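[1] this is the structure alone, sequence omitted:
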């Protein structure tokens, strides 16, 4: 059986970039006649067929944006969707949301389905399954075929596209610095394993603040859970055994759960233990005591992502130059921290 | 200009049902040859064109389900989506979610977009805008063209289709009965205006329980807000002026907000005032004091809706008979109520 030829093969064989191949096959005026003829002849010779993931871009605009996110249980993603909706509606685009449920397979299936003519471009945050697998071929295909893609929050360096993130390292750094400045000595971290890009960066920020205050990093003060699922037993054991006097959590559900378990163990927030959690969703605001938080600016992130995407879709920005927009996180002080 | 002829016109003119017309035009074997010929001839004569909202059903299955919901800020809708996803994935269907943002126009736009060949059927909860306008023509079109539709939670009697709801009246009745049984005399209700189907039914349940206990209905104890938006000022004024000793709220955000405002006004939950809220989402569980709640069984509702839809899509249930499935709400007792 003849091997299926891809854009990548053609680019390598003729020593040009993938996007040059893509443009030449679309007969773009940006590419010289000679180069186009060469590429088109080569593609014909090897019977090149564009991947059906990309049918959409050949035809008309749909005025639809596809959004693929890991879940909607964490309030953060719902705020991003709200921001995307705000900007998109203003520009008269519809938003279609699909959930990957943190699964690589579901992420791939959703993208294939949406790319099949339903949408003009993608806004995505990677599933934990995808980050664990470290396989971005499905994104690469979309990009190669010229479908605009914006990644937010959980991103990867392996794909060249527009991105919007918050400075996760700075967020964790600010929080831990605040805890140490108020006299806390044993600052714990409740996080996930490092394959998750945001956790990795937050873990770095935690270490940076400790180093700056001359506090030694101790393994026992860091709880790395395998996923975003709340494991109450492990959090309870961690609090009991490591005896932290402050805790930073990488999401608000871990933070709120920790506050409840601390109370169950007969200690008080914030007097005995200060707690700060990432995200700053409704749970942080309505908890009692209310949870001090690193605000991730989800709505702004959503609006920025939609703006970047629509500008690419409408050809207002160069299709080959990409920007990573980094938003600065804000520390919101509430009742779960002492001064 | 010639008037556009619809399925409804043909049905009326020939004195048959709309679905008979629809089936005859699709050459269904369920319809007798005579009737089919008569209907097809009539349709040709008047140049009948099927509405383009229905292109999908003419062709192949997409294995996609379209879900249109009012918002994802209220945890209830996110749990329903989770239930839909669970069942749909098991049956190898994808789920596409669109938000109406409580707007009639957005609901119509989303449905038109999805019906245009992307999906096999719809699962929907009506926007407050649609319920206020009381206009269901866009749903009627979908139904007339034979696209399966399941409504959940916010439904209407004006559309014949499968439905899943909880018994909202019973939920409110159970809660108020519980509050009165524990000795409360002035049970307040924080709700929305009656155009919202679920609020209307919950208001009825409130009245029913009062009547059963021989307690007079007092206007001042019922706060009807214009929408699901939290209006802190009006809730605070209500609590201050009506001086309830118990409160039932139609969603958990109203309930949690009331608890905070009660505390701000120097009274205590549950000693001075008991609070019960509808929904039972994360906020209810994590609040302090935790909020006693009427559980709406969102996941189960989502699974049921997906099951009903997929059975219709796959022709496993009669396309012309419809079921309304009523789930029974459960009262979950937590720390915001006294015994």
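    Thanks, I have it. Quick caveat, the model's predicted, so the values are computed rather than measured. Residues are numbered from 1 along each chain as shown, chains lettered A, B, ... in the order given.
[2] show me the helices in chain A, by range?
    Counting by DSSP state H, chain A has these helices, from start to end: A:7-14, A:18-25, A:33-45, A:55-58, A:75-90, A:104-115, A:128-133, A:137-144, A:168-181, A:197-212, A:232-242, A:252-264, A:282-286, A:298-313.
[3] worst mean pLDDT among those?
    When these are compared by mean pLDDT, helix A:55-58 comes last with a mean of 42.
[4] looking at the helices of chain A, which is closest to residue B:41?
    helix A:55-58 (38.4 Å; C-beta to C-beta). For every residue, glycine as well, the C-beta is placed using N, CA and C.
[5] ok, the nearest residue to residue A:287 once chain neighbours are set aside - contacts?
    Spatial nearest neighbour of residue A:287, chain neighbours left out: residue A:256 (5.4 Å); criterion: C-beta to C-beta, 6 or more residues apart in numbering or on different chains. Neighbour list for residue A:256: A:277, A:283, A:284, A:287, A:291, B:286 [criterion: C-beta atoms under 8 Å, 6 or more residues apart in numbering or on different chains].
[6] could those go into CSV alongside neighbour count and distance to residue A:134?
    What follows is the contacts of residue A:256, written out as CSV (neighbours: other C-beta atoms under 10 Å in any protein chain shown; distance: C-beta to C-beta, whole Å):
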residue, neighbour count, distance to residue A:134
A:277, 30, 28
A:283, 27, 31
A:284, 26, 31
A:287, 26, 35
A:291, 29, 33
B:286, 23, 34
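[7] which one among those residues gets closest to residue A:234?
    Out of the contacts of residue A:256, the member with the shortest distance to residue A:234 (by C-beta to C-beta) is residue A:277, at 16.9 Å.
[8] how near is the closest one to residue B:286?
    From residue A:277 across to residue B:286, the span is 12 Å (C-beta to C-beta, to the nearest Å).
[9] before we move on, what about residue A:311?
    Residue A:311 is 39 Å from residue B:286, by C-beta to C-beta.
[10] contact partners for the residue nearest to residue A:307 when sequence neighbours are not counted?
    Closest residue to residue A:307 apart from its sequence neighbours, by C-beta to C-beta, 6+ apart: residue A:87 at 5.6 Å. The neighbourhood of residue A:87, defined by C-beta under 8 Å, 6+ apart, consists of A:302, A:303, A:306, A:307, A:310.
[11] now do residue A:323
    Per C-beta under 8 Å, 6+ apart, neighbours of residue A:323: A:162, A:163, A:308.
[12] any chance of CSV for these, columns neighbour count and distance to chain B?
    Shown next, in CSV, are the contacts of residue A:323 (neighbours: other C-beta atoms under 10 Å in any protein chain shown; distance: C-beta to the nearest C-beta, whole Å):
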residue, neighbour count, distance to chain B
A:162, 25, 23
A:163, 22, 23
A:308, 26, 21
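[13] please convert these to JSON lines, extending it with distance to residue A:223.
    Formatted as JSON lines, the contacts of residue A:323 follow (distance: C-beta to C-beta, whole Å):
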{"residue": "A:162", "distance to residue A:223": "34"}
{"residue": "A:163", "distance to residue A:223": "29"}
{"residue": "A:308", "distance to residue A:223": "35"}
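[14] just those residues now: which is nearest residue A:92?
    Proximity of the contacts of residue A:323 to residue A:92 was ranked by C-beta to C-beta; the top entry is residue A:308 with 17.2 Å.
[15] leaving aside the residues next to it on the chain, what's closest to the closest one?
    Closest residue to residue A:308 apart from its sequence neighbours, by C-beta to C-beta, 6+ apart: residue A:162 at 4.4 Å.
[16] now do the one you found, the pLDDT please.
    At residue A:162, the model reports a pLDDT of 97.
[17] wait, what's in contact with it?
    With contacts defined as C-beta under 8 Å, 6+ apart, residue A:162 is in contact with A:148, A:149, A:150, A:151, A:305, A:308, A:309, A:312, A:322, A:323, A:324, A:325.
[18] any idea which of these is closest to residue A:108?
    The closest of these, once distances to residue A:108 are taken by C-beta to C-beta, is residue A:149, at 14.0 Å.
[19] test my guess that the closest one contacts residue A:121.
    Yes - judged on C-beta atoms under 8 Å, residue A:149 makes contact with residue A:121 at a distance of 6.6 Å.
[20] quick check on those two: which one has the bigger neighbour count.
    residue A:121 (27 against 24; other C-beta atoms under 10 Å in any protein chain shown).
[21] once you drop chain neighbours, what's closest to the more buried one?
    In space, and not counting its chain neighbours, residue A:121 is closest to residue A:148: 3.7 Å by C-beta to C-beta, 6+ apart.
[22] I'd like to know how far that neighbour sits from chain B.
    The gap separating residue A:148 from chain B is 19 Å, by C-beta to the nearest C-beta, to the nearest Å.
[23] state the distance from residue A:31 to residue A:144.
    Taken as C-beta to C-beta, the span from residue A:31 to residue A:144 is 15 Å.
[24] er, residue A:219 actually
    Distance, residue A:219 to residue A:144, using C-beta to C-beta: 42 Å.
[25] right, and chain B sits closest to which residue of chain A?
    Nearest to chain B, among the residues of chain A, is residue A:288, at 3.3 Å (C-beta to the nearest C-beta).
[26] surely that residue meets residue B:288?
    Yes - assessed by C-beta under 8 Å, residue A:288 is found in contact with residue B:288 at 3.3 Å.
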